[in-house]
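[1] Sharing a sequence plus its predicted fold:
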Amino acid sequence: MGHHFLGIKCDFLSTSSQFITIMIHANLTTLTFKGTTEIELRASQPTSTVILHIHQLQIFKATLKRGGGEKQPEEPRRVLEYTPHEQIALLAPEPLGVGLPYTVVLEYVGNLSETFHGFYKSTYRTKEGK
């Protein structure tokens, strides 16, 4: 989904997250997972770009909506990626208002890791061997 964003002027310290909700469904047959992450944030200065760290995820939908509980249409946002730094940039249509609540919603898929990094498959045995 993403395009490279090398060269885009970004302020990496312009937002802070307030709450993060993550829902993940793992498929242990295909060793893949599908997830949705909601990040509630506020901008400390005007910015049109939200930078997030990701690792080996394929984002298929990204939305940004102004918070406050009112119903708004969720328009998909353009996502740029910078693979060497494992980052994505979510582009807002206009600068985020300082101190106002916003919610970023990302929907993605990925593969379960074969190492102990990220979301990985594991087994557990009790003392009884079960």
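    Thanks, I have it.
[2] what residue ranges in this protein score low on pLDDT?
    Counting by pLDDT under 70, the low-confidence segments of the chain come to 1-17, 68-75, 116-117.
[3] secondary structure class for the most far-flung residue of it relative to its centre?
    Ranked by distance from the centre of the chain (Cα atoms, centre = their mean), the top residue is residue 128, with 40.1 Å. Put simply, residue 128 is coil when judged by DSSP: H, G, I helix; E, B strand; the rest coil.
[4] and the closest residue to residue 121 other than its chain neighbours, how far is that from residue 32?
    Distances taken as Cβ to Cβ, 6 or more residues apart in numbering put residue 112 closest to residue 121, at 4.9 Å, once the chain neighbours are dropped. (Glycine included, C-beta is placed from N, CA and C.) Using Cβ to Cβ, to the nearest Å, residue 112 is found at 7 Å from residue 32.
[5] what about the two, which has more around it?
    Under the neighbour definition other Cβ atoms under 10 Å, residue 112 and residue 32 were set side by side, and residue 112 has more, 16 against 13.
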